[in-house]
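Participant: Pasted the sequence and its predicted model underneath.
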Amino acid sequence: MHGIPGHSHDHDDDAGDEAGPDDVAYGSAANDGRPIRIGIGGPVGCGKTSLVASLCRELADELSIAVVTNDIFTTEDAEELRRQGVLPEERIVAVETGCCPHTAIRDDISANLDAVEALEDRLGDVQLTLVESGGDNLTAIFSKGLVDRQVFVIDTAGGDDVPRKGGPGIASADLLLINKIDLAPHVGSDVDRMVADASERRSGRPVIAAAVTKPSGVDEIAAWIRGEQRDWASATA
């Protein structure tokens, strides 16, 4: 591993205009005893559902996990996770947003927040809730009212110029993942360049390059989540 498009309408060229790092930065929010909620966003096809599946496999034996997925008019991502058996079916809930994915995770979070709270209340033992956004562009930032940390995913097949384009997802997510590094030689992408360009825009926030479907592909990401969950839980101890 190295030490990180899209939606039917692309806003990459003006991505930096929608929100700046100060507007979307996440921090140590007050902990009211609920589980930590981590949002996973990024362009269509970058590997968000694969990341959620791999994280569930990696962490389910040590953490009680719940998952909420977002699609516009289907429940396809949730159905895929259930089909793979990464968690018991009752731990996976789908939200049909009926609108552009970024709207349902940033502008009107009510459907997602209702689903998250109902799932956590019903299960009762949740330690980690993963909220997967539907595929969107580089502006897909989660509201701080919905999640406590955000992982933003891009991939080498999207082009190695994507980190240079910037945008709030790349600049301000708590963790930036450059996925599908195994494909880089086949699509002409330079992973080291992507990591360097991303790091320049992230003010020291972590960047991980990985192939999440490969053996050990989520080791670094899972380690980061363990640390965030541990810090969150200790805030109420």
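Facilitator: On my side now, so go ahead. Numbering: from 1, shown residues only.

Participant: buried stuff in the helix or strand encompassing Asp77?
Facilitator: In the assignment (DSSP states H and E), Asp77 maps to helix 76-84. By neighbour count, and taking 16 or more other Cβ atoms under 10 Å as the criterion, the buried residues in helix 76-84 are 77-78, 80-82. Any C-beta I mention is one placed from the backbone N, CA and C, and that applies to glycine too.

Participant: And for stretch 173-183?
Facilitator: Of the residues in stretch 173-183, those scored as buried under the neighbour-count criterion (16+ other Cβ under 10 Å) are 173-181.

Participant: Restricted to strands, list those.
Facilitator: Residues of the buried residues of stretch 173-183 located in strands (DSSP state E): 175-179.

Participant: returning to what we had before: so which of the buried residues of helix 76-84 comes closest to Cys56?
Facilitator: Within those, distances to Cys56 taken as Cβ to Cβ reach their minimum at Leu81, with 7.3 Å.

Participant: In contact with the closest one: list those residues for me.
Facilitator: 49, 52-53, 56, 67, 69, 87, 92 (Cβ atoms under 8 Å, 6 or more residues apart in numbering).

Participant: now Ile92
Facilitator: When contacts are counted by Cβ under 8 Å, 6+ apart, Ile92 touches 66-69, 78, 81-82.

Participant: need the residues you listed in JSON lines with distance to Leu113 and pLDDT, can you?
Facilitator: Formatted as JSON lines, those follow (distance: Cβ to Cβ, whole Å; pLDDT from 0 to 100):
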{"residue": "Ala66", "distance to Leu113": "13", "pLDDT": "98"}
{"residue": "Val67", "distance to Leu113": "15", "pLDDT": "98"}
{"residue": "Val68", "distance to Leu113": "10", "pLDDT": "97"}
{"residue": "Thr69", "distance to Leu113": "15", "pLDDT": "95"}
{"residue": "Ala78", "distance to Leu113": "17", "pLDDT": "94"}
{"residue": "Leu81", "distance to Leu113": "20", "pLDDT": "95"}
{"residue": "Arg82", "distance to Leu113": "22", "pLDDT": "95"}
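
Participant: any idea whether the residue nearest the centre of the chain is helix, strand or coil?
Facilitator: Within the chain, one residue has its C-alpha closest to the average C-alpha position: by Cα atoms, centre = their mean, that is Ile40, at 1.4 Å. Three-state call for Ile40 (DSSP: H, G, I helix; E, B strand; the rest coil): strand.

Participant: Any idea which helix or strand in the protein has the lowest mean pLDDT?
Facilitator: Evaluated with mean pLDDT, DSSP states H and E, the helix-and-strand set of the chain has its lowest mean pLDDT in helix 15-18, which scores a mean of 40.

Participant: quick one: the residue nearest to the centre of the chain and Leu128 touch, right?
Facilitator: No. With contact defined as Cβ atoms under 8 Å, Ile40 and Leu128 do not form a contacting pair (11.9 Å).
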